[in-house]
Structures are given as structure tokens and as C-alpha cells.
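Colleague: dropping the sequence and predicted coords here.
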Amino acid sequence: MTLKIVASQCTSCSACEPECPNVAISEKNGTFVIDPKKCTECIGHFDVPQCAAVCPVDDTCVIDNAYPRYQPTA
Amino acid sequence: MHASTQHETTEVGMADKLAEVMQAKAEHQGCGTSGGSGKASCGSSAGQGDLPTEIWEKVKNHPCYSEEAHHHYARMHVAVAPACNIQCNYCNRKYDCANESRPGVVSEKLSPQQAAKKVLAVASTIPQMTVLGIAGPGDPLANPEKTFQTFELINRTAPDIKLCLSTNGLALPDHVDTIAGFNVDHVTITINMVDPEVGAKIYPWVFWKHKRYTGYEAAKLLTDRQMLGLEMLTERGILCKVNSVMIPGINDKHLVEVNRAVKSRGAFLHNIMPLISSPEHGTVFGLNGQRGPTAQELKALQDECEGEMNMMRHCRQCRADAVGLLGEDRSAEFTTDKIMAMEVNYDLESRKAYQALVEEERVAKVAAKQEELEALAGEQSDIKLLVAVATKGSGLINEHFGHAKEFQVWELSTGGAKFVGHRRVDLYCQGGYGEEDSLETIIRAINDCHAVFVAKIGGCPKADLVKAGIEPVDGFAHEFIEKSAITWFKEYLNKVKTGEIEHVVRGDAEIRQGALINAA
């Protein structure tokens, strides 16, 4: 899995962008989006996903069930 | 009221050690203001008062720091800092409608390059624009690259413009040296508590070093970082103002303690602002029914803290993209589209010439006040009362009652006239809020005043004001405020003395919610 940003809730504050250890977040059409190919749910970097921890709106950076769970390579 | 827990132990490791060091420093450093009853003038009246000369030189043309300067000089904020690192219960970053106007809200975010162009465009159009601030809409220091790049660009092209920034303080200790390096000489820190027990009711969380902290731990971390940042700034000679939001039942009594804590660490001005908590803003406090203070509650707290240090009374709680004199907003003239199309010719010499004229105007005003103070000499009375004034600026009674969007409130006593605040009366988007009850709104906003001074007033509102016990005074049109108020007050005392009128104490007044909008 990866995280996604619920576009209708995103305030475009940009707080998540610099926090992402994988540089997976960018601005697109006025809100921010997560590149599912780059997102690692912050596994191996931090205890919690950084985008969700810094986001000012609850339940906006959420797990995207459309993708399989991220598997860290040993 | 909660006792200070500044020295209590906490999970937030090293913070306690910091608190100890800070306390030790604070004790021998003293304060930038002279204490006791020797109150300085800044924030309350004209002139230097007892402010040290080096501080006065820095603040005298800064509208947000000198009450007197704000009539003559303009400031602007550029919204280059959208991200924030803490959550406050009085803030909701999601809400932004075209009619919405309050701190933390902006219509347009700017890149540092757009911001620099905007500053030049505004400074060329408004020669009295002397101050550029970065105040949000998030926290400038949670966006350090954007904030400092903006400062760098402006330093390069418009070196005469003073730079300032406003922060919640969490990231402040990390950036103090950079701030000093850009010659930022004014920093505002919003400090609502020094007791984490109180803070836990104001801040649901803070984000620090890749982790979200909540509750007591979050507030403890925040207060420690705020106090440390304040210490570090004042040590480097950077002027610090402290903003506090007064939240009745949560931190209202506690703010006296905050006032002492920030004074002892060298803050030179304290700005206690009323909570804005309309439910339509969608903030936690707005939704849970937390009320803001009344005018009397706010003034009583400001008066209580004033014995300790300079109080700012003229704050308009403006937006993070405001442009113009305090109390006006010209940001609509400077939208990104308009700025980018503008040919900007930054003329330092003509700005200087304009500002020299402003200085002459200020000197004349101070002289007029001096004359009148002499007239009051020898008067003995315990009567202290408030009057409202309709003014467009320049220290004159020069606004029509019906056109005023706000009134200045002055406290009159045999000690003279003292500016104590503003009351907003502008109509504000509240869904179906009509024109017909605007007079009632005005009366509620100045209900604690004995008189209202105006350049002109119609017959109908005049009669209604008299009925409400507020004397409309139009005999001093286009004259200096302080001089006129003192002349009126002298006559008032005489009438009381001769028994012609009886002095009665007025009731409380309402503080209008939301920031000022240009409804014109």
C-alpha cells in the first residue's frame, strides 16, 4: 500500500512536501499528490508516515487500498 | 488558575535543562522596558515616552509596534508561508471564502519571486509603506526556504524596507541566526501560555523532529521552544513583540503570568487580542461554543498587564496578505495578475521625500497634544471615561459617523487622553446580515463610551445615540483627536461640578468578530 491525499480535503498548504523522505509528493492542479511508485509509507525512515503527521486536516493523508502493502527490501 | 509548571519534569527530555538556563539568563538580563508604573508610550500614545532611544528609533515608523506610527505608515504582509507545524484550536486552515477575512487566511499564495515583485509594486504606489512582514498563512519558520528567499530578494532590491516576521516559536531557535543575518529587527511570537496544562487546551498537537506530539507533551515542547527562541532573539538585540489570544475560561487569567514571563525574557511589547471564534469559521473553538472576551474583559486584562510592560492596543488582527495602513486593506489592488502586469519603478528618493512630509505632520500633532495637556493642569477628579472617535487617520476627527468602519476608543482622565483600542463596526459576511441593524451594531460596539466624536452625523442616528446614553459630538470636526477630547472632557467635568449633569458608569461593549474587509 501507499498513502494518498484526499484532494477535496487538501488545503494545499504544502507542509507534507518537504517532509516526505522519498520526495514522492508534488503539487498538481492546485493540491498535492503522492506518487504511489515512490511512497514507502515512511517504512525504514520514520515510525509514522510524515505526510499524515504534519497534515492540518484529519483523514486527508490516508492509506490507499488500491495498492498492495509496501514491502521493504531486506 | 494553574500554578506555573515551568520547572516540572516532563518526558520531553532536555527541555527542562533549557528552562533552567533560560530562567537564570532571564534573571540577570532584566527587561527591555523599564518596569513599574513608568509606562512607555508605545502602543498607547504619541512620542517616545520612556522607551529607550535605540528601541524608539527602531519602532517609531513601524505601524504594528508604534500606535502613533500606524496612522502614518503602512505595512504589508506577503503570503509565502502556507505550511504550519502546529495546530491551534482557534485556527482552521480549510476555510477560505471570498468574504472571509481573518488572520491565517489568504486568497492567494505567492512564490518568493511574486512576493518580491508585489512588495516593489506596493512600495512604489504607497510611499508610506515601510514594513514588510511574513506572517503566514501558516508559520513562516515552517517554510524557512520560502520565507528567507523572500527576505533576500527584498533586501537586494528595496533595502530601506524593514523586515519582520511572526511565528508560533516552535522552530524559532533553529533560525535565530538566519533571522539576525537578514537584519530582521522585529519578530512577533504568539505565546498563549507558559503552563502546558493550559496549553493542552489550546493546542491539540505540534509537529517536531518528524513526530506529532499531543496533549501536555506538545504544549510543554512548544512553551520551552518559545521561551528559548525569545531569549535568543533578545540576546541578539532583535526586538520581540508577543501576541496572545485571550480565551475566556482557558487562558484569560493565565495571561498575566505569560506577561511576566515574556517581559522577564526581554519582550518589549505585549499584544493581547480577543479570540475570534464565529462558528462559521469551523475552528474547534468556533464549533464548541467557546466565546471571545467582551470589550471590558479585554481592556481589564490589558490594563492589568500594562503596569508590567508596554501593551499594544491598536492591533486589527489583519490577514496574512494585508496591504496598507492598519485598519484598511488594499490587497485587492495588488492581486498577482495585476502585479505581474505592472511596470515597477522603485524610486528611493521620492519615498524619502514623502516620508519627510509625514514627519512634519507628526510633529504638528504632538505639539497640539502638548498644548491641551497644559489646559488640564490643575483639574482634580477621579472620573475616568471612554469616548469613541470616527477617524480616517492623521490623528484627526475626520470621518462621518455613517461611513466609519471602526471607531478609536480613548480613555479620558485628568491625566490626559489615552488610546485604548479600536471597535470595529463594519458589516461582515454573516449570511443575511442586513443593513437595517447597523446602527444597533455600532451602539453595541461603543456601548461603554460616554460620547462619540465625529466629523458629521445625521439627525436620526444622533437621536438614537442620545437615547442609548452616548453623546454625539460633532463640534470638533477635522480637529486633533486628543486636543478635542480633552477640551470636551474639561467641559464635562465642569458640568458634573455644577450639577448640570450626573456622571454615570457605562455598561460593557461587544467585540466584533472577524477581520476588517473593504466593503466600500
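Modeller: Here it is on my side, so go on. Residues are numbered from 1 along each chain as shown, chains lettered A, B, ... in the order given.
Colleague: buried sites along stretch B:440-448?
Modeller: The neighbour-count check on stretch B:440-448 (16 or more other CB atoms under 10 Å in any protein chain shown) flags B:441-448 as buried. For the C-beta atoms, the positions are set from N, CA and C on the backbone; glycine is no exception.
Colleague: and chain A, which of those reach it?
Modeller: Of the residues in these, proximity to chain A by CB under 8 Å from any CB of the partner chain holds for none.
Colleague: which of those fall in helices?
Modeller: Taking DSSP state H, the ones among the buried residues of stretch B:440-448 that sit in helices are B:441-445.
Colleague: next, format these as CSV and append pLDDT and distance to residue B:401.
Modeller: Listed next are those as CSV, based on pLDDT from 0 to 100; distance: CB to CB, whole Å:
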residue, pLDDT, distance to residue B:401
B:441, 82, 13
B:442, 87, 8
B:443, 88, 11
B:444, 88, 15
B:445, 89, 13
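Colleague: my guess is residue B:208 meets residue B:170, correct?
Modeller: Yes - look at residue B:208 against residue B:170 with CB atoms under 8 Å: they come within range, at 6.3 Å.
Colleague: touching both of these two, which residues are there?
Modeller: Listed as contacting both residue B:208 and residue B:170 by CB atoms under 8 Å, 6 or more residues apart in numbering or on different chains are B:85, B:221, B:225.
Colleague: circling back: the more surrounded of residue B:208 and residue B:170?
Modeller: Taking neighbours as other CB atoms under 10 Å in any protein chain shown, residue B:208 and residue B:170 compare with residue B:170 leading, 26 against 17.
Colleague: the strands in chain A, which residues?
Modeller: A:2-5, A:25-28, A:31-34, A:61-64 (DSSP state E).
Colleague: out of the shared contacts of residue B:208 and residue B:170, which is nearest to chain A?
Modeller: Taking CB to the nearest CB as the measure, chain A sits nearest to residue B:85 out of the shared contacts of residue B:208 and residue B:170, at 7.1 Å.
Colleague: if we can go back for a sec, turn the strands of chain A into JSON lines, including mean neighbour count, distance to residue B:79 and mean pLDDT.
Modeller: As requested, those are exported to JSON lines (neighbours: other CB atoms under 10 Å in any protein chain shown; distance: least, CB to CB, whole Å; pLDDT from 0 to 100):
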{"stretch": "strand A:2-5", "mean neighbour count": "22", "distance to residue B:79": "21", "mean pLDDT": "93"}
{"stretch": "strand A:25-28", "mean neighbour count": "15", "distance to residue B:79": "16", "mean pLDDT": "92"}
{"stretch": "strand A:31-34", "mean neighbour count": "19", "distance to residue B:79": "17", "mean pLDDT": "92"}
{"stretch": "strand A:61-64", "mean neighbour count": "18", "distance to residue B:79": "23", "mean pLDDT": "92"}
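Colleague: show me what contacts the residue in chain A that chain B sits nearest to?
Modeller: When scored by CB to the nearest CB, chain A has residue A:15 as its residue closest to chain B, at 3.5 Å. Contact analysis of residue A:15 by CB under 8 Å, 6+ apart lists A:54-56, B:82-85, B:138, B:142, B:207.
Colleague: go through these and name the one nearest residue B:301.
Modeller: Taking CB to CB as the measure, residue B:301 lies nearest residue B:84 of those, at 26.6 Å.
Colleague: could you count how many residues lie near the closest residue to the closest one other than its chain neighbours?
Modeller: Nearest non-adjacent residue to residue B:84, counting by CB to CB, 6 or more residues apart in numbering or on different chains: residue B:138, 3.6 Å away. Neighbourhood size, residue B:138 [other CB under 10 Å]: 28.
Colleague: still on that earlier bit, switch the strands of chain A over to a markdown table; also include distance to chain B.
Modeller: A markdown table is the format used below for these (distance: least, CB to the nearest CB, whole Å):
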| stretch | distance to chain B |
| --- | --- |
| strand A:2-5 | 14 |
| strand A:25-28 | 10 |
| strand A:31-34 | 11 |
| strand A:61-64 | 12 |
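Colleague: which bits of the stretch 1-150 of chain B sit near chain A?
Modeller: Close to chain A, as judged by CB under 8 Å from any CB, the stretch 1-150 of chain B has residues B:82-85, B:87, B:93-94, B:109, B:137-138, B:142-143.
Colleague: my error: substitute the stretch 251-400 of chain B in the last question.
Modeller: On the criterion CB under 8 Å from any CB, chain A has no neighbours in the stretch 251-400 of chain B.
Colleague: can you list the weak-confidence ranges in the stretch 251-400 of chain B?
Modeller: Within the stretch 251-400 of chain B, the ranges that satisfy pLDDT under 70 run B:308, B:314-321, B:323-329, B:368-369, B:372, B:375.
Colleague: nearest to chain A: which residue in it?
Modeller: As assessed by CB to the nearest CB, chain A sits closest to residue B:282 within the stretch 251-400 of chain B, at 10.8 Å.
Colleague: wait, isn't that residue in contact with residue B:92?
Modeller: Yes - with contact defined as CB under 8 Å, residue B:282 reaches residue B:92; the gap is 4.5 Å.
Colleague: the more surrounded of the two?
Modeller: Taking other CB under 10 Å, residue B:282 and residue B:92 do not tie; residue B:92 has more neighbours (22 against 13).
Colleague: assign the more buried one to helix, strand or coil.
Modeller: Classification of residue B:92 using DSSP: H, G, I helix; E, B strand; the rest coil returns coil.
Colleague: how many other residues sit next to the residue nearest to residue B:188 when sequence neighbours are not counted?
Modeller: Nearest in space to residue B:188, with sequence neighbours left out and distances taken as CB to CB, 6+ apart, is residue B:166 at 4.1 Å. Neighbour count for residue B:166, taken as other CB under 10 Å: 23.
Colleague: which ones are touching residue B:166?
Modeller: Applying CB under 8 Å, 6+ apart, the residues near residue B:166 are B:133-136, B:140, B:187-190, B:243.
Colleague: mind listing what whatever helix or strand it lives in pairs with, with the direction of each?
Modeller: Taking DSSP states H and E as the criterion, residue B:166 maps to strand B:162-167. If you go by DSSP bridges, strand B:162-167 pairs up with strand B:129-134 (parallel), strand B:186-190 (parallel).
Colleague: now do the next helix or strand after the longest one, average pLDDT.
Modeller: Using DSSP H and E, the next helix or strand after strand B:129-134 towards the C-terminus is helix B:144-157. The average pLDDT for helix B:144-157 rounds to 92.
Colleague: phi and psi next, for residue B:168.
Modeller: phi -80, psi -10 (degrees, to the nearest 10).
Colleague: now tell me what touches stretch B:289-301 from outside.
Modeller: Stretch B:289-301 has contacts (CB under 8 Å, 6+ apart) with B:89, B:246-250, B:252, B:255-256, B:272, B:274-277, B:279, B:284, B:420-421, B:423, B:445, B:448, B:508-511, B:513.
Colleague: residues touching the residue nearest to residue B:506 when sequence neighbours are not counted, list them.
Modeller: Excluding the flanking residues, the one nearest residue B:506 by CB to CB, 6+ apart is residue B:448, at 4.8 Å. Counting by CB under 8 Å, 6+ apart, residue B:448 touches B:295-296, B:386, B:409, B:506-509.
Colleague: distance of residue B:405 relative to residue B:464?
Modeller: 19 Å (CB to CB, to the nearest Å).
Colleague: what's the answer for residue B:83, then?
Modeller: Counting by CB to CB - residue B:83 and residue B:464 are separated by 48 Å.
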